[in-house]
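Asker: Quick one: sequence plus predicted model below, questions after.
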Amino acid sequence: MRLTEILRADCVKVPLEASTKWEAIRELADLIAARIGGVDGAELNEAVLEREKKQPTDLLPGIALPHGDHADIKQKCLAVGKFAELTDWQGYTGQNVGLVCLFMAPSSEPNARTQILQALASTLSDPNVRSAVERATNEVELYNTLLSIGVDLDVPPGFELERNLDPHEDVVLDIAWSPDGRRIATASGDRDRIIRVVDADTGQLVRLLRGHTSDVCSVDWSPDGTRLLSGSLDHMVHVWDIAGGQNAPITRIDCLTPVHTARWSPCGSVIATGGHNFSIRLWDETPKAHPTLNGYIEPIYDLAWSPDGRWIASVGDRLNAGLQLWDTGAGAMSHRLDVGTCWSVAWSRASDAVVVGMDDGGVGVVPIVNGKLGALSLMRGHKGKVVSAEFDRDGGHIASKSDDGTVRLWDRHDGLQVALLPEPMSRSRLFASVAFSPTQDRLCSLSDDGRSVRVWALDRRVLNDHAEAEDDIDGEGGVGEADLASARALRLQQKIEAEEFDVFLCHNSRDKDEVKRIGEELKHHGILPWLDEWNLRPGFPWQRALQDQIGQIKSAAVFVGKDSVGPWQNWEIEAFLMQFAQRRCPVIPVVLPSCGADPELPTFLRTIHMVDFRKTDPGPLMQLIWGITGERPGEQVSRGGRG
């Protein structure tokens with residue numbers, strides 16, 4: 001989708017009659033209402049204001065990007081205006097705004113706003129584009145300037161389409177790059193039941209493999225790249241000799257039940273299979289069965305060997321406790337983690353973590369230490385189950401595919417979304433794939449109808465821009481204070497869209513004003529707090545709302561104010577705080593400026609280091625941010641490993 005499809009000349013206003021933020025939003029909302037007809041501009045205005053009050057949208061230097069959705073909007077719409085003079089946007093960045101880009105999307109397209117926000121923010125962050133926009137003195141000049149940008153709203157920044165591979169007759173269920181990154185294997189559904197092997201650089205067909213009689217759910221290359229492994233719902237696992245040129249399988253393994261996943265061991269001598277037999281079965285190519293790994297009571301949806309060959313991670317239904325880790329040497333389960341139903345699992349190359357695609361829309365990263373599964377870190381944004389997720393070649397990014405019709409790219413280190421790629425699914429499938437090249441910055445995803453594969457070149461510099469802006473706090477990387485504030489505001493906007501809260505602000509109601517001031521400061525630093533006044537819908541009990549969120553909020557700050565009365569006096573609050581502690585999330589005692597004597601904390605908080613806002617050294621806000629994020633402010637540059 002091009003910018004010309006959502007912006008028309010009659011939705012550009014220079015200068016705006018408005019002299020305030022709120023007047024500008026109403027004026028642009030009226031332009032959109034007049035363009036599309038059948039909807040009241042006041043209703044569109046309210047839809048935008050609802051979001052603007054949660055998080056101001058002065059996301060770029062001198063530019064605001066307010067947005068909303070509405071049930072009566074049938075197509076994406078954009079209206080653009082310039083103030084006669086720079087105007088205070090009353091936002092967290094503290095910047096005056098000259099250009100306002102207001103966009104609306106249908107309520108039926110939950111990803112549309114994020115998609116447009118991503119494209120506009122990236123395009124308008126270019127200083128040359130901003131300069132051209134600033135020079136426009138009338139509506140014609142501004143309209144032509146924006147259209148000349150040529151932004152494709154369907155292609156995220158940092159993605160360049162290399163080619164579409166020739167389509168299958170049915171949907172593609174799995175994708176696998178050869179170890180040298182030179183070939184791509186794709187497996188398809190029941191209408192053609194074939195495996196295609198193509199040249200990754202030219203797209204030319206290398207091999208066409210037939211032999212399965214039902215959906216081919218899994219395809220995997222041997223470590224030396226000479227053989228291909230496939231698993232199918234026809235109960236069979238086939239081994240194909242790619243180097244030798246044979247079109248018939250050289251080995252057939254009858255697993256007796258439908259096969260969801262089949263994977264080579266890193267040494268290439270053992271095959272692991274999982275599916276409806278409720279166990280992981282190990283085979284060699286004779287085919288001889290090895291000891292079975294038992295412990296499931298429901299089907300296995302996916303499994304993966306660790307790169308060092310010591311472990312197998314497997315996922316399935318929630319009744320199987322979600323994620324299980326197996327010791328291949330001992331032939332026994334090492335550890336399990338109840339993360340609910342998961343559809344996919346993949347290892348990092350360093351064997352230090354796995355990523356799982358979750359039924360509830362989460363993308364979860366679980367560290368592995370000495371054969372034990374660590375605490376789950378969640379990335380939120382998908383609106384449907386995640387059917388595929390994997391690390392890139394250096395482990396810094398994660399790609400995920402969901403039946404919500406998107407592929408998303410995430411920064412593993414901070415858990416934030418880097419890119420959103422629209423990818424409608426032709427029909428709901430348990431099996432679908434997204435795959436990174438093991439040797440280059442390339443990614444395979446599916447086409448709109450799911451029958452073809454798209455090969456993308458990734459620009460790592462662009463994908464890392466959001467992290468570099470945050471890291472260059474000292475200004476040495478050329479990032480100014482305005483750019484840094486915008487980067488933080490954009491991060492916060494992404495978190496709001498995904499409802500990904502960083503910290504629960506637990507407090508006594510009499511301390512509300514002090515807590516809100518600290519919450520505003522946290523937002524200024526890109527940290528999203530959960531506060532009842534901001535996030536609790538009127539007419540609903542706070543207990544239910546918090547219970548819905550508590551499994552996803554990453555930390556809790558417990559405030560103590562005047563009279564040293566803490567929120568734990570409420571037994572329900574204490575129960576919630578205990579849940580945070582049990583999940584091994586930070587629970588941070590915070591002493592407010594109004595607190596008199598040192599507070600008497602409950603037993604489970606007494607041994608935890610406090611943040612004291614009655615003191616100025618060390619800076620209490622920076623201490624609180626350190627406790628929430630795990631990173632001392634000002635030391636992010638030392639993280640490394642990105643790019």
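Answerer: Yes, it's here.
Asker: what residues does stretch 84-91 touch?
Answerer: 15-16, 19-21, 24, 56-58, 62, 64, 95-98, 489 (Cβ atoms under 8 Å, 6 or more residues apart in numbering). The C-beta positions use only the backbone N, C-alpha and C, and glycine is treated the same way.
Asker: one more time with 10 Å, if that's ok
Answerer: Stretch 84-91 is contacted from outside by 14-24, 52, 55-59, 62-64, 66, 83, 94-100, 485, 489, 523-524, using Cβ atoms under 10 Å, 6 or more residues apart in numbering.
Asker: and that stretch, what's its mean pLDDT?
Answerer: Regarding stretch 84-91, the rounded mean pLDDT is 91.
Asker: Just the element for residue 579, please.
Answerer: For residue 579, the host element (DSSP states H and E) is helix 571-582.
Asker: any idea which helix or strand comes after that helix?
Answerer: Using DSSP H and E, the helix or strand that follows helix 571-582 in sequence is strand 587-591.
Asker: residue ranges with poor pLDDT in the stretch 251-400 of the chain?
Answerer: 289, 295-297, 318-321 (pLDDT under 70).
Asker: Just checking: what are the partner strands of whichever strand or helix holds residue 302?
Answerer: Using DSSP H and E, residue 302 sits within strand 300-305. Using DSSP bridges, strand 300-305 pairs in its sheet with strand 311-316 (antiparallel).
Asker: now the strand it pairs with, how far from the centre of its chain.
Answerer: For strand 311-316, the separation from the chain centroid amounts to 22 Å (computed by Cα atoms, centre = their mean, to the nearest Å).
Asker: now stretch 122-134
Answerer: Taking mean C-alpha positions (Cα atoms, centre = their mean), stretch 122-134 and its chain are 26 Å apart.
Asker: can you pull the buried residues of that stretch?
Answerer: The neighbour-count check on stretch 122-134 (16 or more other Cβ atoms under 10 Å) flags 122, 123, 124, 125, 129, 130, 132, 133 as buried.
Asker: Tell me which of those fall in strands.
Answerer: Judged by DSSP state E, strands contain none of these.
Asker: for the residue nearest to residue 294 when sequence neighbours are not counted, phi and psi?
Answerer: In this structure, residue 294 finds its nearest non-sequential neighbour in residue 279, 4.9 Å apart by Cβ to Cβ, 6 or more residues apart in numbering. When read as degrees, to the nearest 10, the backbone of residue 279 gives phi -160, psi 160.
Asker: Residue 279 contacts residue 293, doesn't it?
Answerer: Yes: Residue 279 lies in contact with residue 293 (Cβ atoms under 10 Å); the separation is 6.1 Å.
Asker: Please identify which of these two sits among more neighbours.
Answerer: A direct count of neighbours by other Cβ atoms under 10 Å for residue 279 and residue 293 places residue 293 higher, at 23 against 16.
Asker: Which residues are in contact with that one?
Answerer: By Cβ under 10 Å, 6+ apart, the contact list for residue 293 reads 272, 274, 279-282, 300, 303, 312, 314, 324, 326-328, 331-333.
Asker: Likewise for residue 272?
Answerer: 220, 229, 261-265, 280-283, 290, 293, 300, 303-305, 312, 314, 326, 328.
Asker: now residue 259
Answerer: Under the criterion of Cβ under 10 Å, 6+ apart, the neighbours of residue 259 are 212, 214-218, 230-237, 253, 273-277, 281, 300.
Asker: That one and residue 489, how far apart?
Answerer: Per Cβ to Cβ, to the nearest Å, residue 259 is found 48 Å from residue 489.
Asker: got it, and residue 197?
Answerer: In this view, residue 197 and residue 489 are 46 Å apart by Cβ to Cβ.
Asker: The two: which has the busier surroundings?
Answerer: Neighbour totals were compared for residue 197 and residue 489, and residue 489 leads with 26 against 20 (other Cβ under 10 Å).
Asker: Please report phi then psi for the nearest residue to the more buried one once chain neighbours are set aside.
Answerer: Computed as Cβ to Cβ, 6+ apart, the closest residue to residue 489 that is not its neighbour in sequence is residue 59, at 4.8 Å. Main-chain torsions, residue 59, degrees, to the nearest 10: phi -90, psi -20.
Asker: correct me, but residue 59 touches residue 100?
Answerer: No: using Cβ under 10 Å, residue 59 makes no contact with residue 100, being 11.5 Å away.
Asker: So for these two, which sits in the more crowded spot?
Answerer: Taking other Cβ under 10 Å, residue 59 and residue 100 do not tie; residue 59 has more neighbours (29 against 26).
Asker: What is the burial count for residue 71?
Answerer: Residue 71, neighbours per other Cβ under 10 Å, totals 11.
Asker: The residue lying closest to it once chain neighbours are set aside: how many residues sit nearby?
Answerer: Distances taken as Cβ to Cβ, 6+ apart put residue 107 closest to residue 71, at 4.6 Å, once the chain neighbours are dropped. Number of residues near residue 107 (other Cβ under 10 Å) recorded here: 14.
Asker: same deal with residue 51?
Answerer: Close neighbours of residue 51, defined as other Cβ under 10 Å, add up to 18.
Asker: same deal with the one 3 residues further on?
Answerer: Look at residue 54: counted by other Cβ under 10 Å, it has 15 neighbours.
Asker: What backbone torsions are found at it?
Answerer: phi -70, psi -40.
Asker: what sits against it?
Answerer: With the criterion set at Cβ under 10 Å, 6+ apart, residue 54 makes contact with 492, 493, 496, 523, 528, 534, 535.
Asker: From residue 523, how far off is it?
Answerer: For residue 54, the distance to residue 523 - Cβ to Cβ - is 10 Å.
Asker: any common contacting residues for those two?
Answerer: Residues within reach of residue 54 and of residue 523 at once, by Cβ under 10 Å, 6+ apart, are 492, 496, 534.
Asker: Whichever of the contacts of residue 293 end up buried, select them in PyMOL.
Answerer: The buried subset of those, as determined by 16+ other Cβ under 10 Å, is captured in PyMOL by this line:
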select buried, resi 272+274+279+280+281+282+300+303+312+314+324+326+328+333
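Asker: quick one, helices of the stretch 301-450 of the chain?
Answerer: Secondary structure of the stretch 301-450 of the chain, counting by DSSP state H, counting those that start in this stretch: no helices present.
Asker: can you map out the strands along it?
Answerer: With DSSP state E, counting those that start in this stretch as the criterion, the stretch 301-450 of the chain has strands at 311-316, 322-327, 332-338, 342-347, 353-358, 363-369, 372-373, 377-379, 386-391, 397-402, 406-411, 417-422, 435-436, 442-446.
Asker: Count the neighbours of the residue nearest to residue 323 when sequence neighbours are not counted for me.
Answerer: Distances taken as Cβ to Cβ, 6+ apart put residue 337 closest to residue 323, at 4.7 Å, once the chain neighbours are dropped. Per other Cβ under 10 Å, the neighbour tally for residue 337 reads 19.
Asker: what about residue 337, distance to residue 21?
Answerer: Taking Cβ to Cβ, one finds residue 337 at 46 Å from residue 21.
Asker: how far off strand 353-358 does the strand holding residue 302 point, in degrees?
Answerer: Relative orientation of strand 300-305 and strand 353-358, computed by axes from the mean of the first three to the mean of the last three Cα atoms, to 10 degrees: 170 degrees.
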